[in-house]
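Enquirer: Got a predicted structure plus its sequence, pasted below:
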Amino acid sequence: MIRAGIIGGTGYTGAELVRLLSFHPEVEISCITSRQYSGQIFSSLYPGLRTIADIEIEKFSPEETVDKCDIIFTALPHKIPMEIIPEFLEANVKVIDLSADFRFKSQKAYEEYYCVHKAPEYLDKAVYGLSEINYNEIKNASLVGNPGCYPTCSLLGILPLVKAGKINCKDIVIDAKSGVSGAGRGLSIGTHFCEVDEGFKAYKVMSHRHRPEIEEKIEEISGFKAEVCFTPHLIPVVRGMLSTIYLKTDKSVSESELRKILFDFYKDSRFVRILPEGEFPNINDVAGTNFCDIGLKLDFDSGRLVLVSVIDNLVKGASGQAVQNMNLMFGLDESLGLLIPPRPV
């Protein structure tokens, strides 16, 4: 059995990890840590997991955690993981970091949007955990920087077309919407029920930290500077993320060719579903699952392609993809523990 530890296990992504790993046939949750809730039983915080995750939450101790774990998931705010992960790696424990600390290759880009990086020597060693794109690299990784939810939803549609050389990397527009759980469990006026219910608003316009993450990954594959106009929105639902992506293509390419590029790229991928012509995805169809559904339509006259991509922001956008990456790192079937069907209604 794989012994898995979850550092910061009481936030939404940590709790989602507990939910998924509790039903994984090859995993034992060996520890859950929380500074705020140490000594309490996990299921007392999330009663839906009563009898499933009746695990005592521990105070974090690096030495004790390393001794108990084969892999550690750090579900913590940025800045904290970079201070503790080197010690895990030196003890030959694999790590999947769900913060932004190891998503970037560029120290400059990270520091421009986050803070001074205290472990920059590990940036080149970390593998960006977009499972379907970096499949082989993740298999051999000791440290995976799990992608952000918006980048996952957007890049799964964009990158196969970038690899095929079919889009203009200097003209990418992403109009994205997320459920409120993406803001985390911490209290904030902007995510109170009365502030969100029946509302719909853009936020962090032209300043969201996921834009440079998206641009860096496009540039790594294309070799060209990417220019992305990214606008996130908050919608009054708990789960779900939808990205409408506008791409400029070569006018010589047809919609059927573009769909075939995506279909062929993902033909062996268990969790990315390319929809038939004329169909577009709904967040309800992926809620609670690790699936990403993608639909597309090409305006042939203008050469403008519209991609619509949906995920569950807590699963494929965070904890589910982390479990998928863990499966790859330990040589397991990538879908193990993740084949949860969506709710029919």
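Expert: The structure has been received and is ready for your questions.
Enquirer: wouldn't Lys68 be in contact with Arg3 here?
Expert: Yes. Proximity of Lys68 to Arg3 meets the contact threshold set by CB atoms under 8 Å, at 6.1 Å. To be clear about C-beta, it is placed using only N, CA and C from the backbone, and glycine gets the same treatment.
Enquirer: Quick check: neighbours shared by the two?
Expert: Ser30 (CB atoms under 8 Å, 6 or more residues apart in numbering).
Enquirer: shouldn't Ala318 be in contact with Thr13?
Expert: Yes. Proximity of Ala318 to Thr13 meets the contact threshold set by CB under 8 Å, at 4.5 Å.
Enquirer: Who has more neighbours out of these two?
Expert: Thr13 (28 against 25; other CB atoms under 10 Å).
Enquirer: How about Ile32: what's its closest non-neighbour residue?
Expert: Excluding its sequence neighbours, the residue lying closest to Ile32 (CB to CB, 6 or more residues apart in numbering) is Gly9, at 3.7 Å.
Enquirer: is it true that the one you found lies in a strand?
Expert: No. Under DSSP: H, G, I helix; E, B strand; the rest coil, Gly9 falls outside any strand and is assigned coil.
Enquirer: Next, the contact list for Thr191, please.
Expert: So Thr191 contacts Val180, Ala183, Leu234 (CB under 8 Å, 6+ apart).
Enquirer: The stretch 51-200 of the chain: helices as residue ranges?
Expert: 62-68, 81-90, 107-113, 135-139, 149-163, 193-196 (DSSP state H, counting those that start in this stretch).
Enquirer: Identify whichever of the ones you listed lies nearest to His208.
Expert: helix 149-163 (7.4 Å; CB to CB).
Enquirer: how about stretch 252-263: buried residues?
Expert: Val253, Leu258, Arg259, Ile261, Leu262, Phe263 (16 or more other CB atoms under 10 Å).
Enquirer: nearest spatial neighbour of Leu262, skipping sequence neighbours?
Expert: Closest to Leu262 by CB to CB, 6+ apart is Ile274, at 4.8 Å.
Enquirer: What does the pLDDT read for that neighbour?
Expert: For Ile274, the pLDDT comes out at 98.
Enquirer: so what's it bridging to?
Expert: Ile294 (DSSP bridges).
Enquirer: partners of the top strand by length along the chain in the sheet?
Expert: The strand spanning the most residues in the chain, taking DSSP state E as the definition, is strand 167-178. Applying DSSP bridges to the sheet, strand 167-178 is found paired with strand 228-234 (parallel), strand 241-249 (antiparallel).
Enquirer: Counting neighbours, what do you get for the closest residue to Ile138 other than its chain neighbours?
Expert: Using CB to CB, 6+ apart and skipping residues adjacent in sequence, the residue nearest Ile138 is Leu328, 4.5 Å away. By the measure other CB under 10 Å, the count of residues near Leu328 is 23.
Enquirer: Then Asp101?
Expert: 27.
Enquirer: got TSV for the helices of the stretch 51-200 of the chain, with mean neighbour count too?
Expert: Below are those laid out as TSV (neighbours: other CB atoms under 10 Å):
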stretch	mean neighbour count
helix 62-68	15
helix 81-90	18
helix 107-113	15
helix 135-139	15
helix 149-163	25
helix 193-196	12
